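Novice: Sharing a model prediction with you, sequence too.
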Amino acid sequence: MKSIVIGIMPQEKIRERLYAIAKGEYKPKPSEPKIWFTSMKSLAEVLSDDNRALLHVIKDSQPESISSLAEMTGRKPGNLSRTLKTMSNYGIVEMRREKNHVRPIAKATDFHIVTA
């Protein structure tokens with residue numbers, strides 16, 4: 001599993017960067033972050049110790065559903081579902097729909113953090 005590069009930059013700078021990319025004025029290098037946070041605090045909330053441990057459980061046990069992951073971790077399904085949705089919004093977890101359930105898949109467990 002590869003490492004994900006995460007960037008930290010103020011919201012204004014992220015917006016300026018996105019506009020420049022959309023206008024074709026700037027082409028990001030492959031090594032640049034694909035995931036951006038506006039502060040170290042927001043990054044710390046998403047990649048807390050508990051959430052990084054959760055990513056390792058997902059990677060190692062490959063649960064079939066959120067409810068089976070909840071049983072493995074002892075976390076409440078509703079709380080776990082919100083955490084996974086947030087991580088999915090940032091591209092850290094993939095939520096794959098399979099038949100009658102949603103299967104969480106960890107996209108990375110290692111992160112490289114870049115500040116701008």
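Specialist: Thanks, I have the structure now.
Novice: Just the pLDDT at the closest residue to Ser88 other than its chain neighbours, thanks.
Specialist: Spatially, and ignoring its direct neighbours in sequence, Ser88 is nearest to Met95 (4.9 Å; Cβ to Cβ, 6 or more residues apart in numbering). In short, each C-beta sits where N, CA and C put it, glycine included. With respect to pLDDT, Met95 has a value of 96.
Novice: Next, Met95: phi, psi?
Specialist: Dihedral pair for Met95: phi -110, psi 100, per degrees, to the nearest 10.
Novice: so it makes contact with Lys107?
Specialist: No. Look at Met95 against Lys107 with Cβ atoms under 8 Å: they stay out of range, at 10.7 Å.
Novice: For the residue nearest to Ser88, list the residues it contacts.
Specialist: Listed by Cβ atoms under 8 Å, 6 or more residues apart in numbering, the contact set of Met95 reads Leu84, Lys85, Ser88, Val102, Arg103, Pro104, Ile105.
Novice: I appreciate the help and will end here.
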